[in-house]
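Participant: need a structure here:
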Amino acid sequence: MQKISGGVTTPKGFLAGGIHCGIRGNQDKKDLAMIYSQTPCTAAAVYTQNKVYGAPITVTKENIADGMAQAMICNSGNANTCNADGVEKAEAMCQMTADALGLSPKDIIIASTGVIGAVLLLEPIAKGIKELAPQLTESGSSLAAEAIMTTDTKAKEEAYTIEIGGKTVTIGAMAKGSGMIHPNMATMLGFLTTDAAITIPMLQKALKLAVDDTFNMVSVDGDTSTNDMVSIMANGMAENPVINQEGPEFQAFLTVVKEICTSMAKQIAGDGEGATKLLECTVSGAPNTPLAKSIAKSIITSSLVKSAMFGADANWGRILCAIGYTEGDFSVDTISVDISSAKGTIQVCEKGAGVAFDEEVAKAVLLEEEVHVQVEMNQGTAVATAWGCDLTYDYVKINGDYRT
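Facilitator: Numbers count the residues shown, from 1 in each chain. Next comes the predicted model:
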């Protein structure tokens, strides 16, 4: 497996682009993205578990029920959620995209992100799709990644290659996410492309397994969005032997999908609204994996832990508190906690009790942009990692007047 430069257009046969079409008032911000495969793709997706969900999710579920797609259209600035005509307009966007690309509207994955409850105007989108479709290129990945951003401060894209069956398979990705991020499915928008040849069931299985350990282990603010979706399209142009069952080839493919999803998840956590640092928590020695995941999530979602991280305060009692209110059968008496960063490691707890440490050293450790919390339970072999960020004054500022 090798990380390379690029994004969703790095795999063979994919084109992409992004423009400002007029959904957002700021003309400097792109608001319409498109991805197109030159050949039909097997497709899979996972969606938000929020009972209130956007019309694009309803339409995408219907469109890829057969496991096939060939293009993706996504707008930012308006979520098209809680609108009486939402499904109608999402379907219209698919038809516009299909007409511009010479496809069936049922071959389109559609997504929207932005303000909930605002009426979506189709006029700028119709104009934008006609303008964007002819501009799609093999170098358009970054433009598309910019166009799906909302409160993100940076575009998120990546690409990897791996050898499968004697062929070089490439996987590219782009994602957006900064607020309304909480582990309960995908917690953001993510779009993966690959030139791997893989069957529909195996593609869906790989995506689900990867998301469970990556995007589902991210939280910024505890709010599960209404429009979360991660999708993947595979066009088979790498010409590897078709991956149609579990085995070495499937595991190789899953490994690289997990790697790219992990990178995207960490970038989302680190770019949390108002965040100044990425928080990573690894729980090891747990009795079982679900408990390890639950404890890691409890720590990175704790408002008190997040606030302490912002203030560079080694208030380890808050970490123990978050561990303690996690549901499950375990003992606290064997747990130790270390906090580390590029500036070193400090132990703050051993066997469930505090240990002496240098506050100045702790301060230096916590002032770094990436802070790691290691929880060793000494009660088993299960391990899990979750990602979050600190809670800052700017989070409130950003969300206090987000709509107005």
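
Participant: can you give me the strands in the stretch 151-300 of the chain?
Facilitator: Assigned by DSSP state E, counting those that start in this stretch, the strands in the stretch 151-300 of the chain fall at 156-164, 167-176, 189-194, 229-234, 278-286.

Participant: how about JSON lines for those strands, with mean neighbour count, mean pLDDT and distance to Thr381 added?
Facilitator: For the C-beta atoms, the positions are set from N, CA and C on the backbone; glycine is no exception. Putting those into JSON lines (neighbours: other CB atoms under 10 Å; pLDDT from 0 to 100; distance: least, CB to CB, whole Å) gives the following:
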{"stretch": "strand 156-164", "mean neighbour count": "22", "mean pLDDT": "96", "distance to Thr381": "28"}
{"stretch": "strand 167-176", "mean neighbour count": "25", "mean pLDDT": "96", "distance to Thr381": "30"}
{"stretch": "strand 189-194", "mean neighbour count": "29", "mean pLDDT": "95", "distance to Thr381": "30"}
{"stretch": "strand 229-234", "mean neighbour count": "28", "mean pLDDT": "95", "distance to Thr381": "29"}
{"stretch": "strand 278-286", "mean neighbour count": "22", "mean pLDDT": "96", "distance to Thr381": "7"}
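
Participant: next, format those as JSON lines and append distance to Lys12.
Facilitator: As requested, those are exported to JSON lines (distance: least, CB to CB, whole Å):
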{"stretch": "strand 156-164", "distance to Lys12": "11"}
{"stretch": "strand 167-176", "distance to Lys12": "7"}
{"stretch": "strand 189-194", "distance to Lys12": "9"}
{"stretch": "strand 229-234", "distance to Lys12": "11"}
{"stretch": "strand 278-286", "distance to Lys12": "33"}
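
Participant: neighbours around Gly344, how many?
Facilitator: For Gly344, the neighbour count with other CB atoms under 10 Å is 12.

Participant: tell me the bridge partners for it.
Facilitator: Per DSSP bridges, residues listed as beta-bridge partners of Gly344: Ser341.

Participant: which helix is the longest one in the protein?
Facilitator: Longest helix in the chain, counting residues (DSSP state H): helix 248-270.

Participant: that helix: which residues count as buried?
Facilitator: Within helix 248-270, the residues scored as buried using 16 or more other CB atoms under 10 Å are 249-250, 252-254, 256-270.

Participant: separation between Glu359 and Trp387?
Facilitator: According to CB to CB, to the nearest Å, Glu359 stands 26 Å off from Trp387.

Participant: what do you get for Lys293?
Facilitator: Applying CB to CB, the value for Lys293 to Trp387 is 12 Å.

Participant: what does Phe357 give?
Facilitator: Distance of Phe357 to Trp387, computed by CB to CB: 24 Å.

Participant: same question, Lys30
Facilitator: Taking CB to CB, one finds Lys30 at 27 Å from Trp387.

Participant: if we can go back for a sec, please say which of Phe357 and Trp387 ends up with more neighbours.
Facilitator: Trp387 (27 against 16).

Participant: do I have it right that that one meets Ile299?
Facilitator: No - using CB atoms under 8 Å as the test, Trp387 is too far from Ile299 to be in contact (10.9 Å).

Participant: low pLDDT regions in this structure?
Facilitator: 178-187, 220-227, 402-404 (pLDDT under 70).

Participant: could you dump the longest strand seen in it to CSV, C-alpha only?
Facilitator: If you go by DSSP state E, the chain has its longest strand at strand 32-47. Extracted C-alpha coordinates of strand 32-47, given in CSV (Å, rounded to 0.1, in the frame of the first residue of the first chain):
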residue,chain,number,x,y,z
LEU,A,32,-21.4,22.5,-6.7
ALA,A,33,-19.3,19.4,-7.1
MET,A,34,-19.5,16.5,-9.6
ILE,A,35,-17.7,13.2,-10.1
TYR,A,36,-18.1,11.1,-13.2
SER,A,37,-16.8,7.6,-14.2
GLN,A,38,-16.3,6.9,-17.9
THR,A,39,-17.7,3.4,-17.3
PRO,A,40,-20.5,2.1,-15.1
CYS,A,41,-19.5,1.3,-11.5
THR,A,42,-20.6,-1.0,-8.7
ALA,A,43,-21.6,1.3,-5.9
ALA,A,44,-22.3,1.2,-2.1
ALA,A,45,-23.1,3.7,0.6
VAL,A,46,-23.8,4.0,4.3
TYR,A,47,-26.1,6.7,5.7
